[in-house]
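Trainee: What would the 3D arrangement of this be:
(2 chains)
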Amino acid sequence: DQQVKQNSPSLSVQEGRISILNCDYTNSMFDYFLWYKKYPAEGPTFLISISSIKDKNEDGRFTVFLNKSAKHLSLHIVPSQPGDSAVYFCAASAQVGAQKLVFGQGTRLTINP
Amino acid sequence: DAGITQSPRHKVTETGTPVTLRCHQTENHRYMYWYRQDPGHGLRLIHYSYGVKDTDKGEVSDGYSVSRSKTEDFLLTLESATSSQTSVYFCAITPGQGHEQYFGPGTRLTVT
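Mentor: Reported below is the predicted structural model:
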């Protein structure tokens, strides 16, 4: 049973426009959510996170929104740049201490010039 | 840079052979993790460690064992490799008490 789902395997966006990546979860015990970016042949890199006590967190061009009632989070990238082309994973955590992250399947974002 | 290295970076091995992957960190972080990445599954936790000689199972631990005899090294062993263990393996650490994990560059393992 996939507890964290990214239902769009791929997304194509024009440079300069907004990219919106979506993620749904089923476990109501999740209390912390993270987004990672991954380039080919590299490890995932941490991008931005949000605690369940917030509904929005912003860092430069990246904003994460959390809708707890819908068990849905989204990552907005604006404006999108060619270097944003990568695979994006959302992840969720339900405990402190040893953080056992549960990842979604990933969405491949392509930014077109 | 989280100071994480993984070795080897690439390995091809035959079914039934033992394989050990190494994760090395330079900053004395308490928590270390092993994940595998497969198409359609994202990253899945294999095992994790919360201190020297303290380890526990993750979501997909069958066929894998781990050891942590020193703070800086976390070893993942496939006792008898199978083709289903062909994957990319990532090590990660958690600095301090935060939720964020930081990943190494990965090891691509192919079992023929």
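
Trainee: helices or strands next to the helix or strand residue B:45 falls within in the packing?
Mentor: Assigned by DSSP states H and E, residue B:45 belongs to strand B:42-51. Secondary-structure packing of strand B:42-51 (3 or more CB pairs under 8 Å, 6 or more residues apart in numbering or on different chains; DSSP states H and E): strand A:86-93, strand A:102-103, strand B:31-38, strand B:54-57, strand B:64-70, strand B:73-78. Bear in mind the C-beta positions are built from the backbone N, C-alpha and C, glycine included.

Trainee: Swap in 10 Å and give it another go.
Mentor: Strand B:42-51 sits against strand A:32-38, strand A:86-93, strand A:102-103, strand B:31-38, strand B:54-57, strand B:64-70, strand B:73-78, strand B:87-94, with contacts defined as 3 or more CB pairs under 10 Å, 6 or more residues apart in numbering or on different chains; DSSP states H and E.

Trainee: the inter-axis angle of it versus strand B:73-78?
Mentor: 130 degrees (axes from the mean of the first three to the mean of the last three CA atoms, to 10 degrees).

Trainee: Please report the distance of residue A:92 from residue A:2.
Mentor: Using CB to CB, to the nearest Å, residue A:92 is found at 11 Å from residue A:2.

Trainee: For residue 52, grab the count of nearby residues.
Mentor: Defaulting to chain A. Here the count is done by other CB atoms under 10 Å in any protein chain shown, and residue A:52 has 16 residues near it.

Trainee: meant chain B, my bad for not saying
Mentor: Neighbours around residue B:52, by other CB under 10 Å: 14.

Trainee: cool, residue A:53 as well?
Mentor: 9.

Trainee: mind checking pLDDT for it?
Mentor: At residue A:53, the model reports a pLDDT of 94.

Trainee: dump the residue contacts of it.
Mentor: Going by CB atoms under 10 Å, 6 or more residues apart in numbering or on different chains, residue A:53 touches A:31-32, A:66, A:68.

Trainee: Check residue A:70 too.
Mentor: A:24-25.

Trainee: What of residue B:24?
Mentor: Residues near residue B:24 by CB under 10 Å, 6+ apart: B:3-7, B:32, B:70, B:72-75, B:91, B:104.

Trainee: out of the residues you listed, what pair is the most spread apart?
Mentor: Farthest pair in the contacts of residue B:24 (CB to CB) is B:3 and B:75. Separation: 17.4 Å.

Trainee: Compare these two and say which is more crowded by neighbours.
Mentor: residue B:75 (18 against 15).
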